[in-house]
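K.L.:
Give me a 3D structure for the following:
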Amino acid sequence: MAMWVFGYGSLIWKTGFPFDDRLPGFIKNHRRVFHQGSTDHRGTPEFPGRTVTLEPAPGEICWGVAYKITKEEDKKDAFLHLEVREKQYDQKEYIDFFTDINDSEPAVSGVMVYIASPDKNSNNNYLGPAPLEDIAKQIVKAKGPSGPNRDYLFNLEEALVQLGFKDKHVTDLATHVRLILSETRDTAIKDV
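P.N.:
Numbers count the residues shown, from 1 in each chain. This next block holds a predicted model:
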């Protein structure tokens, strides 16, 4: 039996494990939000970055990619890789994955997805909602072992564009981050 994994953040452009098939598509009744703190990849414990998680959103969809893994050794490797990589995400769910907006039946059922819950008892890195401008400022400043937080945002935006998917939250946030960076550069130039 194949193992399926849904990627809605960095897994879209950087898997880190072998897979047999990659299906672009979506899950229903969820939306992608920058509410999870990252103290191990795109930030530090002193200044966490922000990465995406899913939150329930009846009637909405979240675009991403589902990866199919069939070989037993590859399944083990993928699972171990994901358990380390996604260690700050405290829940795994098994959901329906769709590839066609008009389909009522899923293309694949039981696709595994990692989610960072808002439960502070099990997820001490959950940052929660904030005004878009505040999230953008945090993303501009945060940097961790995997690089600047803004690169995570821009890579996600580009990956979604390449797949032909639109996500208003990601686009609006990337626009705000670019504006802050532009204003910062303009101020630095004036100070020279």
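K.L.:
Please report the distance of the residue nearest to Ala107 when sequence neighbours are not counted from Pro106.
P.N.:
Setting aside the residues directly before and after it, Ala107 is nearest to Thr99 in space (Cβ to Cβ, 6 or more residues apart in numbering), at 4.4 Å. In short, each C-beta sits where N, CA and C put it, glycine included. Using Cβ to Cβ, to the nearest Å, one obtains 9 Å as the distance from Thr99 to Pro106.
K.L.:
more neighbours, those two?
P.N.:
Pro106 (16 against 13; other Cβ atoms under 10 Å).
K.L.:
Could I get the average pLDDT for the top strand by length along the chain?
P.N.:
When the chain is parsed with DSSP state E, its longest strand is strand 49-69. In this model, strand 49-69 has an average pLDDT of 97.
K.L.:
now do stretch 162-182
P.N.:
Mean predicted confidence for stretch 162-182 is 96.
K.L.:
cool, stretch 83-94 as well?
P.N.:
Mean predicted lDDT for stretch 83-94 stands at 93.
K.L.:
centre of the chain versus it, how much separation?
P.N.:
The chain centroid and the centroid of stretch 83-94 are separated by 12 Å under Cα atoms, centre = their mean, to the nearest Å.
K.L.:
can you check stretch 5-23 too?
P.N.:
11 Å.
K.L.:
how long is that stretch end to end?
P.N.:
Criterion Cα to Cα, to the nearest Å; first-to-last residue distance in stretch 5-23 is 10 Å.
K.L.:
what about the residue lying closest to Ala136 once chain neighbours are set aside, distance to Ala78?
P.N.:
Leaving aside its sequence neighbours, Ala136 sits nearest to His176 (Cβ to Cβ, 6+ apart; 3.7 Å). From His176 across to Ala78, the span is 34 Å (Cβ to Cβ).
K.L.:
What of Gln138?
P.N.:
The value you get for Gln138 to Ala78, if Cβ to Cβ is used, is 31 Å.
K.L.:
picking up where we left off before, tell me the buried residues in whichever helix or strand comes after the longest strand of the chain?
P.N.:
Counting by DSSP states H and E, the next helix or strand C-terminal to strand 49-69 is helix 72-85. Within helix 72-85, the residues that count as buried by 16 or more other Cβ atoms under 10 Å are Lys75, Ala78, Leu82, Arg85.
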